[in-house]
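A.B. asks: Okay, sequence plus prediction incoming.
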Amino acid sequence: MTSDELDKGCTKKLAITRSVVCVLCLGGWDSRLTRRRCRHCDGQGRCFWVEKGHAPGYFVQKHRPCKPCHGIGWVFPKHDRCRGCDGRTTQEQRKVIKVVVPPCTPADFTLTFPGEGNQTLQHTGGDVCVVLKLCNAT
């Protein structure tokens, strides 16, 4: 932002893309859908493996989100997947946020928009933080 915009105040629009729980299948909880436990992670949503460590006799157990079920713990048969999210329980949504910069705002000021971040089945939407940086107008 320029110094004039920070001094006088202005309104900007910011386009974000975020993940939201699918509204068509309610995140997989629609009673018309059939789902089954993921056989790769046994319904845990994480895959575990053991790696050999740096020292003799030292082993490290690691985990990552399960790829077939996308960390959810269950999968949907191909014929019964939601058309909106393809069985992933979330879908991408583009949203435009109106950022109102108050007058006499200092540089590196942070504006927070609560609940506008990504959503999952386990978590509500996070916060979007916008940091106002000063740039030279050319």
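C.D. replies: All right, it came through fine. Numbers count the residues shown, from 1 in each chain.
A.B. asks: When you work out contacts or count neighbours from here on, use the C-alpha atoms and nothing else.
C.D. replies: Will do.
A.B. asks: Okay, now the unreliable bits of the chain?
C.D. replies: Counting by pLDDT under 70, the ranges of the chain that qualify are 29-31, 137-138.
A.B. asks: do that again at 50, thanks
C.D. replies: Low-confidence segments of the chain (pLDDT under 50): none present.
A.B. asks: What ranges does it have for its strands?
C.D. replies: Along the chain, the stretches classed as strands by DSSP state E are 10-21, 36-37, 46-52, 59-65, 74-75, 90-101, 109-113, 128-132.
A.B. asks: Spit out the contact partners of the residue positioned nearest the centre of the chain.
C.D. replies: With distances taken as Cα atoms, centre = their mean, residue 118 lies nearest the centre of the chain, 3.4 Å away. Residue 118 sits next to 18-20, 124-126 when contact means Cα atoms under 8 Å, 6 or more residues apart in numbering.
A.B. asks: Would you mind checking these for buried ones?
C.D. replies: When these are checked for burial by 16 or more other Cα atoms under 10 Å, the buried set is 18-20, 125.
A.B. asks: want to throw those into CSV with distance to residue 78?
C.D. replies: Formatted as CSV, these follow (distance: Cα to Cα, whole Å):
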residue, distance to residue 78
18, 25
19, 22
20, 22
125, 28
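A.B. asks: distance from the centroid: which residue in the protein tops it?
C.D. replies: residue 56 (39.7 Å).
A.B. asks: How much space separates it from residue 63?
C.D. replies: Residue 56 is 22 Å from residue 63, where distance means Cα to Cα, to the nearest Å.
A.B. asks: Likewise for residue 102?
C.D. replies: 45 Å.
A.B. asks: Comparing these two, which residue is more hemmed in?
C.D. replies: residue 102 (14 against 11; other Cα atoms under 10 Å).
A.B. asks: Which residues are in contact with that one?
C.D. replies: Applying Cα under 8 Å, 6+ apart, the residues contacting residue 102 are 6, 8-10.
A.B. asks: out of the residues you listed, which is most surrounded?
C.D. replies: With neighbours defined as other Cα under 10 Å, the most crowded of those is residue 6; it has 20 neighbours.
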